[in-house]
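In: Can you look at this prediction? I've put the sequence above it.
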Number of protein chains: 2
Amino acid sequence: MVIVNGVETDAVSVRDRGLTYGDGVFRTLRAKGGRLLDWDRHYHKLVADCARIAITCPPHDEIATCVAQSARVEPDGVVKIIVTRGLGLRGYRAAENTSPTLIVIASAAPPYAAENRARGVAVRVCKTPASVQPRLAGVKTLNRLDNVLARMEWDDPGIAEGLMLDPDGNLIEGTMSNVFCVQDGTLCTPSLERCGVAGVQRDKIIEHAQRESIGLQIKAIPLTEALAADEMFVCNSLIGVWPVARLGAKRWAPGAITRALATVLSNADDGPRA
Amino acid sequence: MVIVNGVETDAVSVRDRGLTYGDGVFRTLRAKGGRLLDWDRHYHKLVADCARIAITCPPHDEIATCVAQSARVEPDGVVKIIVTRGLGLRGYRAAENTSPTLIVIASAAPPYAAENRARGVAVRVCKTPASVQPRLAGVKTLNRLDNVLARMEWDDPGIAEGLMLDPDGNLIEGTMSNVFCVQDGTLCTPSLERCGVAGVQRDKIIEHAQRESIGLQIKAIPLTEALAADEMFVCNSLIGVWPVARLGAKRWAPGAITRALATVLSNADDGPRA
């Protein structure tokens, strides 16, 4: 099911700036038993991302209504929320009275293998770098060609995720996930001040570490340093935590800190029942 | 008029990857008396840009037919061609049998002031940098948030264009144009190996300079160097050449080389009559 500005339709105008310029942001959430997992966090991230590119986010209740409607159709599926700046005529400048487009798409949950969580996954390093753009760093915008090109680099179904580096060779993220390492008991995750998307599950892990006084470093992580880590995992709102079991010649067994954090993420803050 | 995959409609699916990821490229052409200016160049650039992101460009005749139809509706207007990778379900990876979406939009010519060409324009330097992404540098993709954010930085109608720098302070381009300087009789334009869009008019000027043995350097141009230039101009397929007359405290009179190149660009290679 697709809802565009409150109406059930799967069509948008070719003049929508989301299409012409990627001028918008989005969120992807899991529903479970009709409840939207981590709803509050996703909503606040949507508001924050809209603010970063000066889009007026539609009112909470308008979004919540469409999202709940979607979760009724796919109670254990995926809900995607897109907010674009709205319609435009020509030119990068938006008219002052432009009103945003709200798109909510419900779909079935992707068929990820259950053993990914338990046994971990093989990942690769992508050649496509993450774009350096401090103005957009951390924001999940509709400008996602980096990720598309990185994901096109492999066909092997045995590789579950690709890691993206910045042009200087620092680890940034997975094509669809954030990445963490554990080094001597300290949790490390790449700084996303210059590139990358700061996901909701990354935030949850960072907050958990701070609350529980787990050592945490948010910093530049050269790939060589990541390869020397004791544990590595990727995370997002659909997969939860996948331990990284293999990267090139390097092998890891799922580590204790990774397993503990997987449990933290699986205790999602429930949203309102649809 | 809007034509989507040969059908007159202004609707595209919300599942089009052009919307969800900015997964596509585009061109903007002038029509004049029903002829498409520099059609061959634009077509070949479209094909080349599609190839850079591994989109199968629709056949020449299919595009030419829609474009000619648009030029009949707006014989002295603007024709925009968008090619996206096509429909997707979920995930950055495109299915192998994805077929591209071709969108052609005809609109009236933008109301640029005629004196911009003769007297030159005032420009400013934008705070939003151009993204560094070597994999996409030069390509006019639908990921244009940099330009949108840069264009949002000013309201003053007296400023006709904003210049964008890379994160290291090198001049890259205008928000909607390419930029050239003249230094001691040598034409200089920024290297677009790491960021920016290489437009058709920039190509025309480069080829003209090479053909006529005009000194030409394609190189990193720090903003300070550009400010010390003898002439500066911006160009694109809609505006032709606009001499830069003012940038901050710096003033220029339209220079001889700028005026000569404006004449070169105004002799556009005509395309087929619509």
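Out: Yep, that arrived.

In: C-alpha from now on. contacts and neighbour counts both.
Out: Noted.

In: so who does the residue lying closest to A:Val78 once chain neighbours are set aside touch?
Out: With C-alpha to C-alpha, 6 or more residues apart in numbering or on different chains as the measure, A:Arg30 is the residue that lies nearest to A:Val78, at 4.7 Å, once sequence neighbours are left out. If a contact means C-alpha atoms under 8 Å, 6 or more residues apart in numbering or on different chains, then A:Arg30 has A:36-37, A:76-79, A:109, A:237-238 as its contacts.

In: ditto for A:Ile257
Out: A:182, A:185, A:231.

In: Would you agree the first one is in contact with A:Glu231?
Out: So the one you mean is A:Val182. Yes - between A:Val182 and A:Glu231 there is a contact under C-alpha atoms under 8 Å: 4.9 Å.

In: before we move on, the earlier item: could you give the average pLDDT over the helix or strand hosting the residue nearest to A:Val78?
Out: Here A:Arg30 is covered by strand A:24-32, with elements defined by DSSP states H and E. Throughout strand A:24-32, pLDDT has a mean value of 96.

In: for the helix or strand following that strand, the distance to its chain's centre please.
Out: Counting by DSSP H and E, the next helix or strand C-terminal to strand A:24-32 is strand A:35-37. Remark: strand A:35-37 is offset 16 Å from the chain centroid, using C-alpha atoms, centre = their mean, to the nearest Å.

In: same check, this time on stretch A:246-255
Out: 23 Å.

In: In it, which residues are buried?
Out: A:246-247, A:252, A:254-255 (16 or more other C-alpha atoms under 10 Å in any protein chain shown).

In: go on, stretch A:152-159?
Out: A:152, A:154.

In: can you pull out the helices in chain A?
Out: A:17-21, A:39-52, A:60-73, A:115-119, A:145-151, A:200-211, A:223-227, A:256-266 (DSSP state H).

In: Highest mean neighbour count out of those?
Out: Mean neighbour count (mean count of other C-alpha atoms under 10 Å in any protein chain shown) peaks for helix A:17-21 among the helices of chain A, with a mean of 30.

In: Tell me which other helices or strands that helix touches.
Out: In this structure, helix A:17-21 packs against helix B:17-21, with contacts taken as 3 or more C-alpha pairs under 8 Å, 6 or more residues apart in numbering or on different chains; DSSP states H and E.

In: residues making contact with the helix it packs on?
Out: A:18-20, A:22, A:142-145, A:148, B:14, B:23-24, B:84-88, B:92, B:142-143.

In: who's in contact with A:Ala220?
Out: Contacts of A:Ala220 by C-alpha under 8 Å, 6+ apart are A:170-171, A:190-191.

In: So the closest residue to A:Ser107 other than its chain neighbours versus A:Ile239, what's the distance?
Out: Spatial nearest neighbour of A:Ser107, chain neighbours left out: A:Val78 (5.3 Å); criterion: C-alpha to C-alpha, 6+ apart. In this view, A:Val78 and A:Ile239 are 11 Å apart by C-alpha to C-alpha, to the nearest Å.

In: more neighbours, the two?
Out: Each of A:Val78 and A:Ile239 has its neighbours counted (other C-alpha atoms under 10 Å in any protein chain shown); A:Val78 has more, 24 against 19.

In: unless I'm mixing things up, the more buried one is touching A:Ala106, no?
Out: Yes - counting by C-alpha under 8 Å, A:Ala106 is a contact partner of A:Val78 at 5.8 Å.

In: Now the common contact residues for those two.
Out: A:Ala71.

In: Close to chain B: what parts of chain A are there?
Out: Residues of chain A lying near chain B by C-alpha under 8 Å from any C-alpha of the partner chain: A:10-15, A:18-23, A:53, A:92-94, A:103, A:128-133, A:135, A:142-145, A:147-149, A:151-152, A:167, A:176.

In: coming back round to it: what's the closest of the contacts of A:Ala220 to A:Ala262?
Out: Relative to A:Ala262, the closest of the contacts of A:Ala220 is A:Pro190; by C-alpha to C-alpha it sits at 18.6 Å.

In: Run through the bridge partners of the closest one.
Out: Beta-bridge pairing for A:Pro190 (DSSP bridges): A:Lys219.

In: cool, and A:Val79?
Out: A:Leu29, A:Ala106.

In: To what extent is it buried, counted in neighbours?
Out: 27.

In: what's near enough to touch it?
Out: Here A:Val79 is in contact with A:28-31, A:67, A:70-71, A:104-107 (C-alpha under 8 Å, 6+ apart).

In: Out of those residues, the closest to A:Gln210 would be?
Out: A:Leu29 (24.1 Å).

In: ok, the closest one to B:Ala198 distance?
Out: Applying C-alpha to C-alpha to A:Leu29 and B:Ala198 gives a distance of 38 Å.

In: So how do I select the buried members of the contacts of A:Ala220 in ChimeraX?
Out: With 16+ other C-alpha under 10 Å as the criterion, this ChimeraX line picks the buried residues out of the contacts of A:Ala220:
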select /A:170,171,190,191
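
In: Which per-residue confidence value corresponds to the residue nearest the centre of chain A?
Out: Nearest to the geometric centre of chain A sits A:Gly199, at 4.5 Å (C-alpha atoms, centre = their mean). A:Gly199 carries a pLDDT value of 98.

In: Where does pLDDT dip in the stretch 51-200 of chain A?
Out: Low-confidence regions of the stretch 51-200 of chain A, defined here as pLDDT under 70, do not occur.

In: So which residues of it form strands?
Out: Using DSSP state E, counting those that start in this stretch, the strands of the stretch 51-200 of chain A run over residues A:78-84, A:101-107, A:121-125, A:159-165, A:170-174, A:178-183, A:186-190.

In: quick one: contacts for A:Leu87?
Out: Applying C-alpha under 8 Å, 6+ apart, we find A:Leu87 in contact with A:13, A:15-17, A:98-101.

In: Which residue comes closest to it once chain neighbours are left out?
Out: A:Asp16 (4.3 Å).

In: mind checking how far the one you found is from B:Gly18?
Out: In terms of C-alpha to C-alpha, A:Asp16 sits 11 Å off from B:Gly18.

In: looking at it, A:Ile103 is touching A:Ser70, isn't it?
Out: No - A:Ile103 is beyond contact range of A:Ser70, at 11.0 Å (criterion: C-alpha under 8 Å).

In: tell me, what's touching the two both at once?
Out: With C-alpha under 8 Å, 6+ apart as the test, A:Ile103 and A:Ser70 both reach A:Val2.

In: ok, back up a step: could you identify the buried members of the contacts of A:Ile257?
Out: So, by 16+ other C-alpha under 10 Å, the buried ones in the contacts of A:Ile257 are A:182, A:231.

In: Check the contacts of A:Ile257 against B:Ile221 and report the nearest one.
Out: For these, the nearest to B:Ile221 is A:Val182 (42.1 Å; C-alpha to C-alpha).

In: The closest one: what's it in contact with?
Out: Shown in contact with A:Val182 (C-alpha under 8 Å, 6+ apart): A:188, A:229-232, A:257.

In: B:Gly158: which of these is nearest?
Out: A:Cys188 (48.7 Å).

In: any idea how far the residue of chain A found nearest chain B lies from B:Pro254?
Out: Across chain A, the shortest distance to chain B (C-alpha to the nearest C-alpha) belongs to A:Leu19, at 4.1 Å. Remark: distance between A:Leu19 and B:Pro254 (C-alpha to C-alpha) = 37 Å.

In: Check A:Leu37 too.
Out: From A:Leu37 to B:Pro254 the distance is 60 Å (C-alpha to C-alpha).

In: likewise A:Gly6?
Out: Computed as C-alpha to C-alpha, the A:Gly6 to B:Pro254 distance reads 52 Å.

In: Next: A:Glu212.
Out: A:Glu212 is 65 Å from B:Pro254, where distance means C-alpha to C-alpha.

In: go on, A:Ile214?
Out: Counting by C-alpha to C-alpha, the gap from A:Ile214 to B:Pro254 is 63 Å.
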